[in-house]
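# quick one, structure for this:
(2 chains)
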Amino acid sequence: MDLKTLTEINAPSGHEQPIRRALLEELKAKGHQPYIDRMGNVIVVKEGVGPAPRKRVMVAAHMDEVGLIVTGHAEGGFLKVTQAGGIDPRVLISKRVLVGDDNIPGVIGAVAIHLQSAADRARVMGYRDINVDIGAADKAEAERKAPLGTYISFDTPYVEFGEGYACGKAFDDRVGCWTILRLLEEELPCDLIAAFVSEEEVGCRGASGAAFAQEPDIGIVLEGTTCNDLGDVPEAVQVCKTGEGVAVSFMDNSSIVNRELFRKTLNVAEQAGIAHQVKGSVSGGNDAGSIQRARQGIPTIVLSVPCRYIHSPSSVIKLSDADAQFELTKALMAAL
Amino acid sequence: MDIRKILSEATSTLGVSGQEACVAEYFAGQFRPYVDEVTVDSMFNVIAHKKGQGPKIMLCAHLDEIALMVNRIEDDGSVRFSSVGGVDPRILPGSRVWVHGRNGKLFGTIGAMPPHLMSAEDRANNYKMDKLHIDLGLPADKVRQQVRVGDLVTFNTPFTELANGQVAAKSLDDRACVAIMLRAAERLQRMSCEADVYFVCSAQEEVGGRGAQTAAFAVAPDLAVVLDVDFALTPGCGPDVANPLDAMVVTHGPYVQPKVAKRLVDCAKAHHVKLSQNVAGRYTGTDADEIGVSRAGVPTVVFSLPEKYMHTSVETISLDTLEEGARLLAHFISELDAGWEDELWI
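Predicted structure coming up:
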C-alpha cells in the first residue's frame, strides 16, 4: 500500500475503522496474521531471523488523524463541529471536507469580506463560528445526513510536487504506518512487533494498551512531527527541517528519551550514513510517553519525518525523509 | 449544454483581473454556437452578438476573478504574495494554489503554523497576508528560474457538488452569471426574439467595472441588464444583507432604472419565476454603476444570483436558481419590443 492510499483514507481519532480495515486487508494479503486488540490497535508480530533469545522491538505508528466531529445542527441546514485532535480553526476557512462514512462533500465558508467590519476582520473565527455546509435544505436534512457524532475529514488529495515533496493530509502519522509496512517486508534479526495504534491525537490512548499486552524490550515510535522551516521563523524554533533526514528526539512533552538508546541511534545513523537530524525543540507529545511507561517501563525512542503545516488540510513532507525513517529504523533494529 | 461541465471548466480557467485572455477565449468558444458574432476586445471583454432589428440590449456578467500575485521570493524558496481584488486573508492558511510561472503552473500550498508551537497570542489573531508564504517544495534558485515577481497565483479548488443541486467552487463570482447568459442564449434559439442582443463577459470588474465601461461604449446599448452574484443567507449573514439561495434577486434604488426593474419583476410573475427584491441605497457595486452612465446614459438593472461565501474558494450557488435565472432572462429578452421605452420616465 502506498503513501497516497494511506493518506487519502479518512479516519479521525475514534473513528479508525476505515484505516483499520484497509490495514487488515493489506497485512493479510501479505501473509501476516494481524489481530485487533481492545483499543482497536492493529498488531502484527513478525519473528526475527536472528538466534534466540531475540530482542522484541515494538515499532508503533498511529493510524488516526486529526479531524472534526459533528456536535449539532443549525437552522438553515448547517453542521456545527468541534475538533477531534488539535486543529487550529484558522486553517478551516474556505476548505472542502468529506462528511461521514459516505464521504458527503461539504465546504466551510465565511461571511464575505465585503460585509466584514474592521473588528470582524481581526476576530478569529473559533469553532462556535464554524459551519460545515453540505447543501442541506434545512436542519432536519442535516440531522438525517450527518447525525451527532459524525466524523469529518479534510478533502485533500495527495499530490507530489516540487523537488521530491508531497502535499496531503494525515502524514501525521500515515507516514509512520507506511514505514512499518515497508519494515514488514524486511527480514530483521529481532522480533518486530508492528503496532498500528489508535487515538494518538486525542491523548495517546491506543499505544499504552498495545505496549502493556506485548511487553516489548524496546519501543520505537515512528511519527510525522512539527516542522516550521519556512518563512518568518527564527532558526531556534524551526524544530527540524525537511530534506535533512529523519528527526531523532531527545525529549518532548510526553517523554525523555532513554539516553543510551538516543546515543546508539545517532551512532547507527552516522555509521550507516543515513540522513538524520536531532529534533530541535521540546514540543508536542506522542505515543512514546505511553509506551515508555507501560508496565515497569520500556526504553523508547521517537524517529520522525518532518512535516510542514502539520494538522492542517495541506501538510508537506519530503519523501527522502520518509526513506531515511525507514532506513534508520531498519539499521537500528539490526544493531540492538 | 452541460451546465456542470461549463461551470467546472470555467471556474478552473485562469482569468485574473487585467489578465483575462484564457477565460475570455474559453467563453468566446462557448457563446459561438448561439450567436452570430463573437469578438474579444483589447480589454479582454467577450462580446457575443445575436443580431436583431429591435431594441439593442446588453447583458453583462464579469469573467475576471480575484487572485494573488507574487511580490517576493525569499532565500528559503518561500514565495510572498499580495492580493488582486478583495481576497479575505482568513481563507489562505492551508489553501492549495497554482503559481502561474513562465513554464506553466506550479503546485503550491500556503503554510500555516503548527498548533503545537502557537502561543496564546498567535491563536488570538488572524494571519496577516504579508506573514504568509507559498511553499513550492523547491529551493530558491529553482523557484527564481520559474517564478517572477508579478506572476499570478490562483486557488486550486476543484468544483464540488453538494446536496440539493448546490455547487461550490472558486470564481463562481461571476462565471456562474456568465453561465446564466449562455443558458439564456441557448434558450433564445428556440424563442422569438426581436431584440438586438449583446452578451458581454466583462473584464476587470473586481477592480472597478473597468471592462464594462469600454464594452458599454462599444456596444452603445439602449438598455442593459447586469448579472452578478449577491450575498446568500448563511450564519452571520442575515436577511438584513442577504437573500435566500433559491431565488434570483432584482435590485431597486437610484442606480437602477425603476421601470426596467418593474418590467423584470412583472416578467417573473408572468412566468412564475420566484424572485427576491432588495435595495441598494447608492451604488450597486456591480458593472451597472459604470454601464448606467455610459455615453448619454443607459437604463440599467441589476439581476443577481445569490451566492454563499463570496470571495472565498468555496463560493456556493444553487443550480436550480441559476436555471430559473436563465429562463427569466430569456423571456425578458424575448418580450422586449419597440415599445419598451414608452413611459420609461413618467
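# burial of the residue in the stretch 51-200 of chain A that chain B sits nearest to, as a residue count?
Chain B sits closest to A:Gly162 of the stretch 51-200 of chain A, with a gap of 2.0 Å, by Cβ to the nearest Cβ. Yep, even glycine has a C-beta here, placed from its N, CA and C like the rest. Residues lying near A:Gly162 (other Cβ atoms under 10 Å in any protein chain shown) number 20.
# need the per-residue pLDDT for it.
A:Gly162 is assigned 97 on the pLDDT scale.
# care to break chain B down by domain?
Following automatic domain parsing, one gets these domains for chain B: B:3-65+B:170-341, B:67-155.
# start and end of the first one, how far apart?
Start-to-end span of domain B:3-65+B:170-341 (Cα to Cα, to the nearest Å) is 34 Å.
# the shortest one too?
When the termini of domain B:67-155 are compared using Cα to Cα, they are 7 Å apart.
# from B:Asp230, how far out is the residue of the stretch 51-200 of chain A closest to chain B?
40 Å (Cβ to Cβ, to the nearest Å).
# for chain A, what are the nearby residues on the stretch 151-300 of chain B?
Selection of the stretch 151-300 of chain B residues close to chain A by Cβ under 8 Å from any Cβ of the partner chain yields B:157-158, B:160-166, B:168, B:231, B:233-237, B:241, B:285.
# where exactly do the helices run in the stretch 51-200 of chain B?
Listed in chain order, the helices of the stretch 51-200 of chain B (DSSP state H, counting those that start in this stretch) span B:120-124, B:140-146, B:172-188.
# extract the C-alpha trace of the first one and format it as CSV.
It stands for helix B:120-124. What follows is helix B:120-124, C-alpha atoms only, in CSV (Å, rounded to 0.1, in the frame of the first residue of the first chain):
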residue,chain,number,x,y,z
ALA,B,120,-2.0,32.2,23.1
GLU,B,121,-1.3,35.4,21.2
ASP,B,122,-0.8,33.6,18.0
ARG,B,123,-4.1,31.9,18.3
ALA,B,124,-6.0,35.1,19.1
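# what lies in contact with that helix?
Residues from elsewhere that reach helix B:120-124 (Cβ atoms under 8 Å, 6 or more residues apart in numbering or on different chains): A:Asp88, A:Arg90, A:Val124, B:Met113.
# likewise the second one?
Residues outside helix B:140-146 that contact it (Cβ under 8 Å, 6+ apart): A:163, B:73-77, B:79, B:101-103, B:106, B:136, B:138.
# next: stretch B:331-339.
By Cβ under 8 Å, 6+ apart, the residues outside stretch B:331-339 that reach it are B:54-55, B:57, B:59, B:184, B:188, B:191-195, B:197, B:225, B:263-264, B:267, B:270-271.
# just checking, which of these belong to strands?
In strands, defined here by DSSP state E, the members of those are B:Ile57, B:Leu59, B:Val197, B:Val225.
# tell me the two of those residues that are most distant?
With distances taken as Cβ to Cβ, the most widely separated pair in the ones in strands among the contacts of stretch B:331-339 is B:Val197 and B:Val225, at 10.4 Å.
# which neighbours do these two have in common?
Common contacts of B:Val197 and B:Val225 (Cβ under 8 Å, 6+ apart): B:Ile57, B:Leu59.
# what about the longest helix in chain A?
Scanning chain A for the longest helix, with DSSP state H as the assignment, gives helix A:319-335.
# list the buried residues of that one.
Buried residues in helix A:319-335, defined by neighbour count with 16 or more other Cβ atoms under 10 Å in any protein chain shown: A:319-333.
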